[in-house]
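# Here you go, sequence then predicted model.
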Amino acid sequence: MFPIYRSRLAVMLLAVGCLVLGACRKDEGAERLARAQGKYADLVERGVPPRDPAWDGVISELESVPGESKARPEAERRLAAIRRLRAPLPPRPLARPDEPDGGSLSLDEHGHPMQGHPMHGHPEEGDGGR
C-alpha cells in the first residue's frame, strides 16, 4: 500500500471514530432536569414558598442544564415560572394616605355589598333610592 493511502485511511478512521464518540455522548441536561424536577416536587409537596432559600438548589440545577441540551427549553420554562413567583409583588392599587399600607381596603374589609358602603351607610337608612 502506498503511504498516501495509509494516511487517508488513518484520517478516515479517525473521523469515523470522532463521529461515533460524538453521537454516543450522553445528554447530561436530561439528568439535571430530572434532578431539578425531583427537588421541585419535594418542595411543592412540603408547601415551601417560592421565595424560600430552599428553591435556590432547584434554580441552580435548572441553570446547569447545558444550552445545547434537548432539555434546556423545559428548564428555561421552569426557571421563568419560579422567577415570576419570586418577583416582588406590585404595589397595591388606589393608594390612600389614611391606609397603613397605602392601598385601599378590599371588599371583604368593607363588608358585604348588601350592607352598604361604609361611606354611604346601610341601604335601609336612606330613602331607598326614592
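Ah, there it is. Residues are numbered from 1 along each chain as shown.
# where along this structure do the helices fall?
3-24, 28-46, 55-63, 72-86, 107-110 (DSSP state H).
# Check the ones you listed for me: which has the lowest mean pLDDT.
Sorting these by mean pLDDT places helix 107-110 lowest, at a mean of 53.
# is it true that Glu82 touches Trp55?
To be clear, residue 82 is Ile; Glu isn't right here. Yes - if you go by Cβ atoms under 8 Å, Ile82 and Trp55 touch, sitting 6.4 Å apart. Quick note: C-beta positions are derived from backbone N, CA and C, even for glycine.
# count of residues packed around the nearest residue to Glu28 once chain neighbours are set aside?
Distances taken as Cβ to Cβ, 6 or more residues apart in numbering put Pro66 closest to Glu28, at 6.4 Å, once the chain neighbours are dropped. Around Pro66 there are 13 other residues, counting by other Cβ atoms under 10 Å.
# do the same with Gly29
20.
# residue contacts, it?
Counting by Cβ atoms under 8 Å, 6 or more residues apart in numbering, Gly29 touches 65-66, 69-72, 75.
# which of the residues you listed count as buried?
For those, a burial check counting by 16 or more other Cβ atoms under 10 Å picks out 65, 69, 71-72, 75.
# In these, find the pair that's most separated.
Maximum pairwise distance in those, criterion Cβ to Cβ, is 7.9 Å, between Ser69 and Ala75.
# pretty sure the residue nearest to Glu28 is touching Ala75, no?
No - contact status for Pro66 versus Ala75: not in contact, 9.5 Å apart, counting by Cβ under 8 Å.
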